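Colleague: Sequence and predicted structure are below.
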Number of protein chains: 2
Amino acid sequence: MKLDDAAARLEALGNPTRLKIYRTLVRAGEEGMAVGRLQERLDIAASTLSHHLKALIGVGLVTQTREGTTLICNASYDEMHGLIDYMVAECCVEGSCPPAIVSKFKKVA
Amino acid sequence: MKLDDAAARLEALGNPTRLKIYRTLVRAGEEGMAVGRLQERLDIAASTLSHHLKALIGVGLVTQTREGTTLICNASYDEMHGLIDYMVAECCVEGSCPPAIVSKFKKVA
DNA sequence: CCCATATTTCGAATATTCCAGAAATACCGT
DNA sequence: ACGGTATTTCTGGAATATTCGAAATATGGG
C-alpha cells in the first residue's frame, strides 16, 4: 500500500463519528447493517451519516449492497487488513522496533 | 484504549505529511532524528514541520528530548502498539472477522 | 402511475486544517 | 551579555470538514 492510500484510510478512521460507524459495522459481522439502522443506533442526522459513509466507501473501508429499498453496509476487512499491515510494516523496520511489537504480532502467513 | 483516543491518533497519522514524518522517525530508530534534519529530509517549512510535530506529540505518537540546541524526535512505539492493538481488536470481534486477519497476526504475548 | 419508505444530494453556517513567512524564544559558545 | 543556530509561536488566508434541514432521488407495492 502506498503512503497516501494509508493516510487516506487513517484520516477516514480518524474521526470519532466515522470510527464509531466503522466499529459498528465490524461488529455487525458479515450480514452488515442497513443505513437506517445505523442511523438509529448512532443517533445522527441521516445526511450526516450519508456523508460519513461516503467518505468510508471512498477509501474502500466500507461497501454497500442494495436490498430492495434499503442499503446494507459492510466493513471491508481486506482494506483494514491492508492498513494494519502497512502500519506494522512502518512500525517495525529493520529491527529498529523494540521487541514488544515484533513479538506481540508474529506473522504466520 | 478509548475510541476517541484511537480516533485522535488515527487522525494524527491521517495526513500524508505527518505520516511521512512518523515513518521517517520510525526508520530513524532509537537514536531518533533532530527537527532540523527532519526538515531537510522532508523539505517543508520549519513552521509547518513544527506544527505537525506538535500534533503528533499531542497524541503521544512522538516524543522530543533536547540535546543542546537541537531537539531530537523519537517515534513512540508503545503508542503505535496500542493503536494497532485497538485496530485489530475492532477488526476481529467475536469471530465476525474472516480468518485472513486472525491468522495473519497470531498473538504471542 | 402514485404512495411510502430509504437514502442521498443540495445549500448553508460554523469550525477546523493546512501552510508558510515573520517574529519570538531557547540554548550554547565566547 | 552578545551572537549564532535551532525551533516554536504568532498571524492570517485559503481550503476543507462537519453538521443539519430541506429537497431530490431511488426502489418496491398496489
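Modeller: That came in fine, so what should we check first? Since we're looking at a predicted model, the values are computed, not measured.
Colleague: drop to CA atoms for contacts and neighbour counts, all remaining ones
Modeller: Noted.
Colleague: Only alpha carbons, please: show the top helix by length along chain A as PDB.
Modeller: Longest helix in chain A, counting residues (DSSP state H): helix A:77-91. Provided in PDB are the C-alpha atoms of helix A:77-91 (Å, rounded to 0.1, in the frame of the first residue of the first chain):
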ATOM      1  CA  TYR A  77     -12.000  -6.500   6.200                       C
ATOM      2  CA  ASP A  78      -9.400  -6.700   3.400                       C
ATOM      3  CA  GLU A  79      -8.900  -3.000   3.300                       C
ATOM      4  CA  MET A  80      -8.500  -2.800   7.100                       C
ATOM      5  CA  HIS A  81      -6.100  -5.800   6.900                       C
ATOM      6  CA  GLY A  82      -4.000  -3.900   4.300                       C
ATOM      7  CA  LEU A  83      -4.000  -0.900   6.500                       C
ATOM      8  CA  ILE A  84      -2.900  -2.800   9.600                       C
ATOM      9  CA  ASP A  85      -0.200  -4.500   7.500                       C
ATOM     10  CA  TYR A  86       1.100  -1.100   6.400                       C
ATOM     11  CA  MET A  87       1.200   0.200  10.000                       C
ATOM     12  CA  VAL A  88       3.000  -2.800  11.300                       C
ATOM     13  CA  ALA A  89       5.500  -2.600   8.400                       C
ATOM     14  CA  GLU A  90       6.100   1.100   9.100                       C
ATOM     15  CA  CYS A  91       6.400   0.400  12.700                       C
END
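Colleague: can it be found next to chain B?
Modeller: Yes. Legend: contact between helix A:77-91 and chain B by C-alpha under 8 Å from any C-alpha of the partner chain is shown at A:77, A:80-81, A:84, A:87-88, A:90-91.
Colleague: Distance-wise, check residue A:7 relative to chain B.
Modeller: Per C-alpha to the nearest C-alpha, to the nearest Å, residue A:7 is found 4 Å from chain B.
Colleague: Which pLDDT value belongs to that residue?
Modeller: Residue A:7 is assigned a predicted lDDT (pLDDT) of 97.
Colleague: Count the neighbours of it for me.
Modeller: Residue A:7: 25 surrounding residues under other C-alpha atoms under 10 Å in any protein chain shown.
Colleague: how deep is the nearest residue to it once chain neighbours are set aside tucked in, by neighbour count?
Modeller: Once flanking residues are discounted, residue A:7 sits nearest to residue B:14: 4.3 Å by C-alpha to C-alpha, 6 or more residues apart in numbering or on different chains. Using other C-alpha under 10 Å, residue B:14 has 25 other residues around it.
Colleague: Same check on the one 10 residues further on?
Modeller: As a burial measure, residue B:24 scores 19 neighbours (other C-alpha under 10 Å).
Colleague: Past the strand or helix carrying it, which element shows up next along the chain?
Modeller: In the assignment (DSSP states H and E), residue B:24 maps to helix B:16-28. Next in sequence after helix B:16-28, counting helices and strands by DSSP H and E, comes strand B:33-34.
Colleague: picking that back up, and the helix holding residue B:24, what does it pack onto?
Modeller: helix A:3-13, helix A:77-91, helix B:3-13, helix B:35-42, helix B:46-58, strand B:70-75 (3 or more C-alpha pairs under 8 Å, 6 or more residues apart in numbering or on different chains; DSSP states H and E).
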